[in-house]
Every structure is written in structure tokens, then in C-alpha cells.
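*Asks:* Quick one, fold the following:
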Amino acid sequence: MIQLQLFQDEPEIILERKMELMEEKYHNLRKSQHARISGLNKEVKELKSELEFLKANICKGNFLL
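*Replies:* Numbering: from 1, shown residues only. Predicted structure coming up:
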């Protein structure tokens, strides 16, 4: 059941609500981007260490890993 309003909200109140929603969306987006970037940084570090391991073994002539 939907409750109808007797009076419409003032434009300032409507704008404040929209601003709060936008701030919440921005905060959630920022958090998700931070998590994504952290995951990618972890993958890059792993790939770098794997590459260094492969380079070292190739230079030593250890082709059997």
C-alpha cells in the first residue's frame, strides 16, 4: 500500500535527498573501484614475480621448472 502525501515536499528537500543519493552512489562506486584496483595490483605483482623467476631460470639454463 502506498501512502499519498498531503503536501508536496519543498524543492530544497527534494534536492537534498537527491544529493544524499548521489553521495551514496559515489561512495559505493569509489569503494568498488578501490577493490578492483587492489585486485589488479595484486595480479600485477604476482605476474612480475613469476616473470623474474622465469628470467632467472632461463639465464641459469634451468629449463626444467
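
*Asks:* hey, let's count contacts and neighbours off CA atoms from now on
*Replies:* Will do.

*Asks:* got a pLDDT number for L64?
*Replies:* We have a pLDDT of 62 for L64.

*Asks:* same check, this time on M1
*Replies:* We note a pLDDT of 81 for M1 in this prediction.

*Asks:* For it, the count of nearby residues, please.
*Replies:* The number of residues packed near M1 is 3, by other CA atoms under 10 Å.

*Asks:* and if you look at F53?
*Replies:* If you count neighbours by other CA under 10 Å, F53 ends up with 12.

*Asks:* Checking it next. Helix, strand or coil?
*Replies:* helix (DSSP: H, G, I helix; E, B strand; the rest coil).

*Asks:* going forward, begin numbering at 4 instead of 1
*Replies:* From this message on, residue numbering opens at 4, which makes the last subject F56.

*Asks:* Tell me who's in contact with it.
*Replies:* With contact set as CA atoms under 8 Å, 6 or more residues apart in numbering, F56 has no partners.

*Asks:* Roughly how far does it sit from E23?
*Replies:* 50 Å (CA to CA, to the nearest Å).

*Asks:* for K51, same thing?
*Replies:* Applying CA to CA to K51 and E23 gives a distance of 42 Å.

*Asks:* cool, N44 as well?
*Replies:* 31 Å.

*Asks:* Check S41 too.
*Replies:* 27 Å.

*Asks:* do L9 as well
*Replies:* Distance from L9 to E23, by CA to CA: 24 Å.

*Asks:* cool, and C62?
*Replies:* Distance, C62 to E23, by CA to CA: 58 Å.

*Asks:* tell me the helices in this protein, going along the chain?
*Replies:* Taking DSSP state H as the test, the helices found in the chain are 14-63.

*Asks:* Done for today, thanks.
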